[in-house]
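> below: sequence and its predicted model.
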Amino acid sequence: MTKVLVTGATGFIASHTILALIEKGYEVRGTARSANKAARLNAILSDYAGKAIEIELVSADLTSDDGWSEAMEGVTYLQHLASPIPNNLPKDANELIIPARDGALRALKAAKAAGVKRAVMTSSMAAIAYGWGDKRPDILDETHWSNPDNIKDNTAYTRSKAIAEKAAWDYVNGEGAGLELATINPVAVLGPAMSGDVSASLELVTQAMQNKVPAYPKLTFGIVDVRDVAKAHVEAMERPAAAGERFLVGNEVLSFSEIGDILREAFPDRKLPKGELPNWLVRMMVPLNPTLKQILPELGKRRAYTNAKAREQLGIDFIPAKDAIIASAQTLVDLGEL
Ligand code: NAP
């Protein structure tokens with residue numbers, strides 16, 4: 001069986017990617033900061049899949065050299081998903097930039113040394129759409145790169161993703177030549193949660209469902225279903241022509257209040273926020289609700305992009321954003337989290 005190493009195996013996107021890999025007959029080894037999470041992870045994957053799933057989990061931290069070469073033994077493909085994605089941004093951006101960049105390089109260097117054929121790395125729209133100031137292209141695509149040095153038009157998280165992806169390409173185009181790389185650059189990822197311990201992106205749904213904001217900040221989000229993101233990771237690993245390519249993975253762009261409307265219609269018994277908040281009020285609310293800090297660079301802006309490359313070259317037939325939104329909320333309700 002062909003073995004694939006999935007880093008950050010406990011994560012939201014990684015869990016779906018693991019199941020998509022297993023479905024296609026791959027053997028999966030995962031990394032987590034602590035391999036003690038193996039039993040819980042396998043129970044979560046098995047519950048969701050409705051059948052017994054048992055993957056091997058090994059310890060590897062993005063901030064330490066320990067364990068990476070052992071993790072790569074016998075591996076043909078690397079799926080590198082681990083990266084810090086916090087609910088609340090740290091004061092020092094390096095708390096995200098250093099693990100994201102150095103961790104990606106640790107994983108890629110260990111992969112190259114072990115003779116891994118191809119690495120697929122989860123980058124982000126954060127590495128495409130930020131730091132442009134007033135010059136952001138009307139329609140974003142894979143040829144575009146964020147400028148992480150324009151700090152005003154970035155967060156620590158968006159900078160960490162752009163810097164890490166750039167470092168990865170520099171590595172395979174230099175010292176790491178011979179190791180193939182493809183990156184998946186998703187927009188905000190929603191869709192079914194497998195456990196209550198979910199990615200920060202699901203805050204989009206939980207903030208609305210828990211009525212945490214009085215009304216919605218004027219924001220738009222590109223939305224993609226986690227099942228499509230998982231598929232994109234597998235396709236980018238298997239398709240010969242995907243080597244050396246970036247793939248923007250996103251479906252429709254919706255405003256926060258449109259997301260709320262979809263949830264209100266799907267969950268009529270819930271009290272959900274209504275209407276939009278003026279931008280000045282959102283800025284004032286940040287100290288009370290620090291999650292909002294993540295979205296300040298995007299306040300009042302509308303984003304547009306094309307997903308043509310992912311559709312044409314990876315064969316992704318995108319799940320509607322509405323289904324992804326409702327699936328997030330419904331699974332969290334079913335898990336007793338909402
Ligand atoms: P998640 O559920 O929070 O998963 C993040 C994973 O990264 C966790 O499994 C965590 O592992 C691991 N990690 C964090 N810091 C680490 C460290 N120092 N050492 C080792 N592992 C570490 O988030 P996700 O949404 O699935 O994110 C997966 C990837 O997709 C990330 O690269 C993220 O930037 C990217 N992405 C996400 C979105 C989105 O909307 N969710 C959009 C674009 C890109 P532990 O179990 O050890 O904590």
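The structure has been received and is ready for your questions. Residues are numbered from 1 along each chain as shown.

> distance check, the residue in the stretch 1-150 of the chain that the ligand sits nearest to against Ala193.
Using C-beta to the nearest ligand atom, Gly11 is the residue of the stretch 1-150 of the chain that sits closest to the ligand, at 2.5 Å. C-beta here means a position set from N, CA and C on the backbone, and glycine is covered the same way. Plainly put, Gly11 is 11 Å away from Ala193 if you go by C-beta to C-beta, to the nearest Å.

> same question, Asp149
Here Asp149 is placed at a distance of 35 Å from Ala193 (C-beta to C-beta).

> compare neighbour counts for those two and give me the winner.
More neighbours surround Ala193 than the other of Asp149 and Ala193, with 28 against 11 (other C-beta atoms under 10 Å).

> show which residue of this protein lies farthest from the average position.
Among residues of the chain, the one most distant from the C-alpha centroid is Asp269; the distance is 30.7 Å, by C-alpha atoms, centre = their mean.

> quick one: name the residues of this protein near the ligand.
For the chain, the contact set with the ligand under C-beta under 6 Å from any ligand atom comprises 8, 10-14, 32-33, 61-63, 81-85, 99, 103, 122, 124, 161, 186, 188-189, 199, 201.

> among these, which ones are buried?
Neighbour-count burial (16 or more other C-beta atoms under 10 Å) is assigned, among the residues of the chain next to the ligand, to 8, 10-14, 32-33, 61-62, 81-85, 99, 103, 122, 124, 161, 186, 188-189, 199, 201.

> those in strands, which ones?
Among these, the members falling in strands (DSSP state E) are 32, 122, 186, 188-189.

> any idea what Gly222 is bridged to?
Val253 (DSSP bridges).

> tell me how far it lies from Val234.
For Gly222, the distance to Val234 - C-beta to C-beta - is 21 Å.

> the two: which is more packed in?
Between Gly222 and Val234, counting by other C-beta under 10 Å, Gly222 is the more crowded of the two (23 against 20).

> contacting residues for that one?
125, 187-188, 250-253, 303, 305 (C-beta atoms under 8 Å, 6 or more residues apart in numbering).

> got CSV for the residues you listed, with pLDDT too?
As requested, the contacts of Gly222 are exported to CSV (pLDDT from 0 to 100):
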residue, pLDDT
Met125, 97
Val187, 98
Ala188, 96
Gly250, 98
Asn251, 97
Glu252, 96
Val253, 96
Arg303, 80
Tyr305, 98
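
> closest to Gly67 out of those residues?
Met125 (30.1 Å; C-beta to C-beta).

> my read: the closest one touches Pro186, true?
Yes: with contact defined as C-beta atoms under 8 Å, Met125 and Pro186 form a contacting pair (6.6 Å).

> overlap in contacts, the two.
Here Met125 and Pro186 have Gly250 as joint contacts, going by C-beta under 8 Å, 6+ apart.

> where are the low-confidence patches of the chain?
Of all residues in the chain, none has pLDDT under 70.

> can you give me the strands for it?
Using DSSP E, strands in the chain cover 3-7, 27-32, 56-59, 77-80, 118-122, 180-186, 188-190, 216-217, 220-225, 246-249, 253-255, 276-277.

> quick one: the second one to chain centroid distance?
Remark: strand 27-32 is offset 18 Å from the chain centroid, using C-alpha atoms, centre = their mean, to the nearest Å.

> what do you get for the third one?
Taking C-alpha atoms, centre = their mean, one finds the center of strand 56-59 at 21 Å from the center of the full chain.

> Ser199 versus the residue of the stretch 1-150 of the chain closest to the ligand, what's the distance?
Taken as C-beta to C-beta, the span from Gly11 to Ser199 is 7 Å.

> over to Arg227?
14 Å.

> grab the nearest non-local neighbour of the residue of the stretch 1-150 of the chain closest to the ligand.
Of all residues not flanking Gly11 in the chain, Leu81 sits nearest, at 5.8 Å (C-beta to C-beta, 6 or more residues apart in numbering).

> if I look at that neighbour, how far off is Thr10?
As for Leu81, its distance to Thr10 is 10 Å (criterion: C-beta to C-beta).

> Leu219 too?
Distance, Leu219 to Thr10, using C-beta to C-beta: 28 Å.

> cool, Ala243 as well?
Noted for Ala243: a distance of 28 Å to Thr10, by C-beta to C-beta.

> can you tell me the closest non-neighbouring residue to Pro290?
In space, Pro290 is closest to Asn88, 4.6 Å off (C-beta to C-beta, 6+ apart).
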